[in-house]
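> heads up, no residue letters with this:
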């Protein structure tokens, strides 16, 4: 496996340094994902910007969590987003169902989870019935496109973590996760 550098504010390419400094100021640390992504400053900047745009979408905190955790399939993102969900006061029943890949306790959120899975697994080729089921659950055409925004962000992080085997940060380790067999 290729070893990737976990960059600091001192070792990162110049363009990435302010992004890492900002993360440290905001979160009190440089998350391992950011430290890896700093090798390609454009990737780090894109990931942060797309994440910002996704959190400003029309989805509420529970729905954002559903999209993120439905897409997450990596050892790093699941624990990190479990911690993020806790900081957003998302109900543990939602996080637990997503982590365990079981149906959500709310039909609307389950419709979002199923639609998101459909988008990811079928690479955006979603049949009319699945789209209609999503719309019938009370979601909008705008939100169809916002799921794509969430997918774009998570592709960047999941793929990076798979290739770099990013170590899980200490604050997230208590939420360690392994995909069910």
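Right, received. Where do you want to start? Computed from a predicted structure; not experimentally measured.
> list the buried residues in the helix ranked longest in the chain.
In the chain, with assignment by DSSP state H, the single longest helix is helix 141-164. Within helix 141-164, the residues scored as buried using 16 or more other Cβ atoms under 10 Å are 143, 146-147, 149-154, 156-158, 160-161, 164. C-beta here means a position set from N, CA and C on the backbone, and glycine is covered the same way.
> from these, which two are the most distant?
Spanning the widest gap among these are 143 and 164, at 31.3 Å by Cβ to Cβ.
> centre of the chain to stretch 172-181, how far?
What separates the centre of stretch 172-181 from the centre of its chain is 15 Å, taken as Cα atoms, centre = their mean, to the nearest Å.
> over to stretch 147-158?
The gap between the average C-alpha position of stretch 147-158 and the chain average comes to 7 Å, counting by Cα atoms, centre = their mean.
> again, but for stretch 3-10
With Cα atoms, centre = their mean as the basis, stretch 3-10 stands 21 Å off its chain's centre.
> residues making contact with it?
11, 13, 16-17, 20-21, 24, 30, 32, 35-36, 38-39, 163-167 (Cβ atoms under 8 Å, 6 or more residues apart in numbering).
> and stretch 32-45, by the same measure?
Contacting residues not belonging to stretch 32-45 are listed as 4-8, 12-13, 15-16, 19-20, 23, 47-48, 76-77, 80, 156-157, 160-161, 164, 166-169 [Cβ under 8 Å, 6+ apart].
> now swap in stretch 153-166 and tell me
For stretch 153-166, the surrounding residues in contact (Cβ under 8 Å, 6+ apart) are 1-2, 4, 32-33, 36-37, 43, 46-47, 50-51, 54, 68, 71-77.
> select only the buried ones of the contacts of stretch 3-10 in ChimeraX?
Only the buried members of these end up in this ChimeraX selection, burial being decided by 16+ other Cβ under 10 Å:
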select :16,17,20,30,32,35,36,38,39,164,166,167
